[in-house]
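>>> return a 3D structure for these sequence lines:
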Amino acid sequence: MNRMEPKNLLVFALLPCSLLATACGGDDVRHLDPQSLAMDDKVAPFYDDGELALYETQIHVQLPIVKPTDGQLQALRATAVKPFKRHPFLTADQVAVQVSWTLTNLDKDGHDVAVVIDPWNEFGRYVPGISGTGEDAQPNLDGIWELYELPGTADPRPSRIVHTFTYEDMNELATDFATAINILENVQPPPADAMMDDPRVGLVNHVFDVQNRSGNDPFTDRYRPGVIPGLLGFDLGLLTREPANVALEFSLEIIDRSGDRIIAEDSSDKPFVAPEHVYSLAGG
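This is a model prediction of the structure:
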């Protein structure tokens, strides 16, 4: 797969936001405050092998998930679900999240811009990292990696794209991350001195490829855990292969299907923050 090949985009119009709306299934939808992310042409590349340079900027997005009590966590340890050391406090079916965004090119020339997301759950954070060494080194796929051809301001075509990572997309992200954790924890890498490829690299990148959907993928579905932890947050980023001035404005919609996992708007409770543990591929 060529990570830097722009995709064809089906553009969706954003629905007007209100403080509280009702989803199609009757669930109450909470709209979080809009946020923004910008990249300027002064950003240094985070990866440069002499042939391909990649530039990235990220923002950390914390979801308002209530922090469990020590007693709740203790009870969850009694019902561990592999590959996790305890049963998740938050499962993917309890809270749904959707990300609607507008990507704008501020330069007169066009750019290929990837919008990427790397997930967090209560067991850790995903950092793609770099696999291989020397001429074989390659950046791994993010949890979501979608690349768009973005015309410049001098182009007669619009220099702005409006799109949504839907509830289904974000649920898939949670499932993919859980599957990747299982692969990273239970598929054995080759010995350090062996001239063999790490099988986890191909498996995890396959899982996170947006063209592959869980439940319909015999190659990696066998690694999908029986219980899927929900997202506590994510890193949202912009990535290009050249210096660029681009901006992303985004808003989040969140649904609490359990009734007790989202912090109330008038509450001073602290959110459930993902641990510092990082899940990453070899060489990351």
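>>> what is the longest helix along the chain packed up against?
Longest helix of the chain, by residue count under DSSP state H: helix 167-186. Counting contacts by 3 or more Cβ pairs under 8 Å, 6 or more residues apart in numbering; DSSP states H and E, helix 167-186 is packed against strand 95-105, strand 111-121, strand 124-126, helix 199-208, strand 278-279. Heads up, the C-betas are built off the backbone N, CA and C, glycines and all.
>>> quick check: mean pLDDT of the first one?
Along strand 95-105, the predicted local confidence has a mean pLDDT of 98.
>>> chain center to that strand: distance?
11 Å (Cα atoms, centre = their mean, to the nearest Å).
>>> tell me which other helices or strands it touches.
Counting contacts by 3+ Cβ pairs under 8 Å, 6+ apart, strand 95-105 packs against strand 111-121, strand 144-150, strand 160-165, helix 167-186, strand 246-256.
>>> any idea of the angle the last one forms with strand 111-121?
It refers to strand 246-256. Angle between the axes of strand 246-256 and strand 111-121 is 30 degrees (criterion: axes from the mean of the first three to the mean of the last three Cα atoms, to 10 degrees).
>>> how far off strand 95-105 does strand 246-256 point, in degrees?
Using the same axes, to 10 degrees: strand 246-256 against strand 95-105 is 170 degrees.
>>> list the neighbouring strands of strand 246-256 plus their orientation.
If you go by DSSP bridges, strand 246-256 pairs up with strand 28-31 (antiparallel), strand 35-39 (antiparallel), strand 95-105 (antiparallel).
>>> tabulate the CA atom coordinates of the longest one in CSV.
Meaning strand 95-105. C-alpha atoms of strand 95-105 as CSV (Å, rounded to 0.1, in the frame of the first residue of the first chain):
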residue,chain,number,x,y,z
VAL,A,95,-19.8,5.3,24.3
ALA,A,96,-19.8,6.4,20.7
VAL,A,97,-17.9,9.3,19.3
GLN,A,98,-17.8,11.0,15.9
VAL,A,99,-15.3,13.6,14.5
SER,A,100,-16.5,16.1,12.0
TRP,A,101,-13.8,18.3,10.4
THR,A,102,-12.9,20.9,7.8
LEU,A,103,-9.4,20.8,6.3
THR,A,104,-8.2,24.1,4.7
ASN,A,105,-5.1,24.8,2.5
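>>> buried sites along the longest helix of the chain?
Residues of helix 167-186 classed as buried: 167, 169-184 (neighbour count, 16 or more other Cβ atoms under 10 Å).
>>> and K42, how many neighbours?
Neighbour count of K42, defined by other Cβ atoms under 10 Å: 8.
>>> give me the nearest residue to it, chain neighbours excluded.
Setting aside the residues directly before and after it, K42 is nearest to P243 in space (Cβ to Cβ, 6 or more residues apart in numbering), at 7.5 Å.
>>> same check on V115?
E146 (5.5 Å).
>>> quick check: pLDDT value at the closest residue to H111 other than its chain neighbours.
By the measure of Cβ to Cβ, 6+ apart, the closest residue to H111 outside its immediate chain neighbours is A244, 4.6 Å from it. Looking at A244, its pLDDT is 98.
>>> so A244 sits right up against Y55, yeah?
Yes: counting by Cβ atoms under 8 Å, Y55 is a contact partner of A244 at 7.1 Å.
>>> overlap in contacts, those two.
Both A244 and Y55 are in contact with M39, where contact means Cβ atoms under 8 Å, 6 or more residues apart in numbering.
>>> on that earlier part again, quick check: the gap between the residue nearest to K42 and T79.
Distance, P243 to T79, using Cβ to Cβ, to the nearest Å: 50 Å.
>>> the more surrounded of those two?
When neighbours are counted by other Cβ under 10 Å, P243 and T79 differ, and P243 comes out ahead with 16 against 9.
>>> and what about the more buried one, helix, strand or coil?
Put simply, P243 is coil when judged by DSSP: H, G, I helix; E, B strand; the rest coil.
>>> repeat that for E56.
strand.
>>> going forward, count from 57.
OK, 57 is where the count begins now, so the last one is E112.
>>> beta partners for it?
Bridge pairing for E112 - DSSP bridges - gives L295.
>>> where does this structure dip in pLDDT?
The model of the chain has pLDDT under 70 over residues 57-82, 249-251, 338-340.
>>> now with 50?
Along the chain, segments meeting pLDDT under 50 span 57-61, 63-81, 340.
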